[in-house]
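S.K.: below: sequence and its predicted model.
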Amino acid sequence: MNVMMRDRNDIRRSCFSRVPALTLLSLLVLAGCGREQSALNVAGRDAAAISLLFWVMLVGAVLLWLMVNGAFLYVSRFAPGRFDERHGRRLLIGGGIVLPTVVLTALLVWGLSLLPDSRTPGDGLVVRVTGEQWWWRVEYWPEGATEPVVSANEIRLPVGERTEFRLLADKVIHSFWIPALGGKMDMFPGRETTFTLLPDKPGTYRGQCAEFCGASHAWMAFVAVAMEPEEFDAWLQAQAEDAAPPADDAARRGQAVFRDEGCGACHTVRGTDAVGQVGPDLTHIGSRLSLGAGRARVTLDDLATWVAHTDALKPEVRMPSYDLGEDELRDLAHYLKGLR
Ligand code: CUA
């Protein structure tokens, strides 16, 4: 075996020895594509267009890859020396200029034709979302409403209706994205951006800020729920109500802690004297599906942990951690959980 053959075999062996590692790595990466936050888990008209574009481009790219590598393999392995420079020039013009021009032009035209859907006007409901550091201020404006239903960190939408989003940001740029429902849209301070989404499958999905916005960018998520229209209307009506009064002694003690610690300076609990606008509206926090913009769950334990260790759960967030006794924390958590 001459030196060149040995080298070639070494290269082949080292390439193949990496295959299991690469496969494992790709599987790990793919395992990260959870269903509730996957653009391929299509639950909306707009996501369907994006998903179709993805698959067409993937299949096209694989076919082109096979063609190029097949041609390469053919001329180097099976027909070395069969082609002269004239063939090469023809291949360069055909495969290097004509083919990409045709393919990319077709893709561009088709891709542009997919765009207008997201510019379609909404069917009536307007949801105004403001990106804060690091949470979402949400206002629902049903058609003809004179004042909004205020919520936070959760987006609920009626299935089969196109909802218009009006997006803003407080201090830095964020990006609003519910992969299962459609594309993302940047949120800017002082400049409103709009787009629409049409969910067509009821379900619970995950949204995520898609633009780096500071220390806790990765913790800026939210739950998106697509509901049947009647269910959505009932939900919105319930959200418009004031907060339920504390139901028992523990909740009353918790409300006193809330008041004494000055929580109402930053948070609103409608129907009480807490009218702060700095942090998320807590009027119905007990019925939400996540706490701290997708950071934790709305359980007594998580509520207490959140209040006591806010900065550990969400670095650099404006809300300070509160040094409360165990009983106070438990009562406060109980009060908040009861705000349904
Ligand atoms: Cu907000 Cu990233």
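M.R.: Perfect, thanks for sending it. Residues are numbered from 1 along each chain as shown.

S.K.: close to the ligand: what parts of this protein are there?
M.R.: When proximity is defined by Cβ under 6 Å from any ligand atom, the chain lies next to the ligand at Gly131, Trp134, His174, Cys209, Glu211, Phe212, Cys213, His217, Met220. (Glycine included, C-beta is placed from N, CA and C.)

S.K.: could those go into CSV alongside neighbour count?
M.R.: What follows is the residues of the chain next to the ligand, written out as CSV (neighbours: other Cβ atoms under 10 Å):
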residue, neighbour count
Gly131, 26
Trp134, 26
His174, 30
Cys209, 28
Glu211, 18
Phe212, 12
Cys213, 22
His217, 17
Met220, 27
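
S.K.: can you flag which of these belong to strands?
M.R.: Using DSSP state E, the members of these that fall within strands are Gly131, His174.

S.K.: adding pLDDT, write the residues of the chain next to the ligand out as a markdown table.
M.R.: Shown next, in a markdown table, are the residues of the chain next to the ligand (pLDDT from 0 to 100):
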| residue | pLDDT |
| --- | --- |
| Gly131 | 97 |
| Trp134 | 94 |
| His174 | 98 |
| Cys209 | 97 |
| Glu211 | 97 |
| Phe212 | 97 |
| Cys213 | 97 |
| His217 | 97 |
| Met220 | 97 |
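
S.K.: kindly list the main-chain dihedrals of Gly207?
M.R.: phi -110, psi 160 (degrees, to the nearest 10).

S.K.: and it, what does it touch?
M.R.: Gln37, Ile155, Phe176, Trp177, Ile178, Pro179, Ala221, Phe222, Val223, Ala224, Gly294 (Cβ atoms under 8 Å, 6 or more residues apart in numbering).

S.K.: re earlier: of all the residues of the chain next to the ligand, which comes closest to Leu303?
M.R.: Within the residues of the chain next to the ligand, distances to Leu303 taken as Cβ to Cβ reach their minimum at Trp134, with 18.2 Å.

S.K.: rewinding a little: with distance to Arg252 added, can I get the residues of the chain next to the ligand in a markdown table?
M.R.: Listed next are the residues of the chain next to the ligand as a markdown table, based on distance: Cβ to Cβ, whole Å:
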| residue | distance to Arg252 |
| --- | --- |
| Gly131 | 35 |
| Trp134 | 32 |
| His174 | 38 |
| Cys209 | 37 |
| Glu211 | 42 |
| Phe212 | 43 |
| Cys213 | 38 |
| His217 | 38 |
| Met220 | 33 |
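
S.K.: out of the helices and strands in the chain, which is least certain?
M.R.: Among the helical and strand segments of the chain, the one scoring lowest on mean pLDDT, DSSP states H and E is helix 3-17, with a mean of 54.

S.K.: can you pull out the strands in the stretch 101-250 of the chain?
M.R.: 126-132, 135-141, 149-152, 154-158, 163-169, 174-176, 185-187, 193-197, 203-208, 221-227 (DSSP state E, counting those that start in this stretch).

S.K.: okay, these, which one's buried deepest?
M.R.: Here the criterion is mean neighbour count by mean count of other Cβ atoms under 10 Å, and of these the winner is strand 174-176, at a mean of 26.

S.K.: and that strand, which strands flank it?
M.R.: Applying DSSP bridges to the sheet, strand 174-176 is found paired with strand 185-187 (antiparallel).

S.K.: what distance separates the strand it pairs with from the centre of its chain?
M.R.: Here strand 185-187 is found 12 Å from its chain centre; the criterion is Cα atoms, centre = their mean, to the nearest Å.

S.K.: which residues sit against it?
M.R.: 129-131, 165, 167-169, 173-177, 193-195, 211.

S.K.: still on that earlier bit, where helices are concerned, which of the residues of the chain next to the ligand count?
M.R.: Assigned to helices by DSSP state H, none of the residues of the chain next to the ligand qualify.

S.K.: before we move on, the earlier item: save the contacts of Gly207 as TSV, and put in pLDDT too.
M.R.: Putting the contacts of Gly207 into TSV (pLDDT from 0 to 100) gives the following:
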residue	pLDDT
Gln37	84
Ile155	97
Phe176	97
Trp177	96
Ile178	96
Pro179	95
Ala221	96
Phe222	96
Val223	96
Ala224	96
Gly294	94
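
S.K.: which of these lies closest to Ala244?
M.R.: Checking the contacts of Gly207 against Ala244 by Cβ to Cβ gives Val223 as the nearest, at 21.2 Å.

S.K.: not counting sequence-adjacent ones, nearest residue to that closest one?
M.R.: Leaving out its chain neighbours, the residue that sits closest to Val223 by Cβ to Cβ, 6 or more residues apart in numbering is Leu289, at 4.3 Å.

S.K.: what's the most distant pair in the contacts of strand 185-187?
M.R.: So, the contacts of strand 185-187 by Cβ to Cβ: farthest apart are Thr194 and Glu211, at 16.9 Å.

S.K.: any idea how far stretch 140-147 is from the chain center?
M.R.: Worked out by Cα atoms, centre = their mean, stretch 140-147 lies 25 Å from the chain centre.

S.K.: and what of stretch 242-252?
M.R.: How far stretch 242-252 lies from its chain's middle: 34 Å, per Cα atoms, centre = their mean.
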